[in-house]
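>>> What follows is a predicted protein model with its sequence.
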Amino acid sequence: MAGQLFSIHKKPGSVLLAAAICFSLCSPVLCHGGRTSSLPRYVGSSACKPCHKKEYLSFTRYAKKSTSYRSIERLKKGLSTQDLNKCYGCHTTGYGKPGGFTSIEDTPELKNAGCEVCHGPGSRHVITGDPDRIKKKPTRKDCESCHTPERIRAFRYTPLIHGGGH
Ligand code: HEC
Ligand code: HEC
Ligand code: HEC
Ligand code: HEC
């Protein structure tokens, strides 16, 4: 199926076609809850696996991001909803953004900080396989929303631009 979808994107008008396909398939991964939108949505790391096995396996094996929800759970007891919402901003994927994490019940596939915290929301790229529809080269700026200056003091960052991913 993935190959089929991929071959479609080369033709003009593919955006509409892709949207139509997304709508008709409407798997929980591609467009959870059946909501579609003109903005790209977050789909979760496992949606990347079929086409990027190497990065996926490396990420899930070595990157702490891939289990970052667990870190919240470890400290969850005693935290207010407000505190928890703050955790979500860095420890999940796309919290507070269109098509991002909302809750563990509604968006379990986004509970960890996944590929898309660096590469941006992937719904369009996942459907089309078009490399122009995903962020190729995350920069340090992309890290700074979570690896804030206070954290960076203890975080050796420049040599790690390729760290924390795959
Ligand atoms: C249907 C297959 C498919 C899926 C699913 C998919 N990709 Fe890709 N991706 C491709 C193809 C094809 C390319 C271009 C060839 C290459 O670089 O391997 C690509 C390229 C990329 C690139 C590099 C772009 C470049 O030009 O160097 C990144 C980054 C990327 N994908 C990230 C992701 C992420 C993150 C996900 C999950 C949200 C994902 N991909 C899901 C097929 C896919
Ligand atoms: C959405 C927030 C977010 C963004 C954006 C982000 N990170 Fe992270 N990163 C985290 C969290 C959360 C952890 C800790 C996960 C845990 O242990 O629970 C982490 C952990 C790490 C680690 C620790 C080592 C490891 O094994 O994972 C490195 C290195 C890292 N990130 C590098 C980066 C780099 C480089 C970028 C930018 C290209 C980046 N991160 C972008 C949230 C983020
Ligand atoms: C501004 C982004 C940000 C926020 C907000 C945030 N974290 Fe983190 N957290 C990180 C990053 C990045 C790391 C990786 C270590 C570092 O760079 O400081 C981390 C590491 C951790 C770790 C250590 C994991 C390990 O490897 O031992 C725990 C536990 C944790 N965070 C829990 C929480 C909880 C609970 C909250 C909410 C109260 C929270 N974090 C809020 C970004 C954040
Ligand atoms: C911590 C940030 C971060 C995360 C998380 C992350 N990547 Fe990347 N990714 C990068 C960086 C940085 C590059 C290298 C860009 C460059 O060429 O300088 C990259 C490059 C890529 C490429 C291009 C080929 C390559 O390996 O250079 C693909 C494909 C890719 N990532 C897929 C994924 C997939 C799939 C996931 C999740 C399983 C993921 N990435 C998670 C930061 C990240």
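Cool, the structure landed. Ligands and ions are numbered 1, 2, ... in the order given.
>>> Could you use CA atoms for every contact and neighbour count after this?
OK.
>>> Next, the contact list for the closest residue to ligand 3 within the chain, please.
For the chain and ligand 3, the shortest gap (C-alpha to the nearest ligand atom) falls at residue 87, measuring 3.4 Å. For residue 87, the contact set (C-alpha atoms under 8 Å, 6 or more residues apart in numbering) comprises residue 72.
>>> Report the secondary structure element holding it.
Per DSSP states H and E, residue 87 falls inside helix 81-91.
>>> gap between the residue of the chain closest to ligand 3 and residue 67?
14 Å (C-alpha to C-alpha, to the nearest Å).
>>> Equivalent analysis for residue 166, please.
Distance from residue 166 to residue 67, counting by C-alpha to C-alpha: 14 Å.
>>> about what we covered before: the helix holding residue 87 vs ligand 4: in contact?
No. Residues of helix 81-91 contacting ligand 4 under C-alpha under 6 Å from any ligand atom: none, with a closest distance of 11.5 Å.
>>> What pLDDT does the model give residue 160?
With respect to pLDDT, residue 160 has a value of 58.
>>> same deal with residue 22?
So, for residue 22, pLDDT stands at 39.
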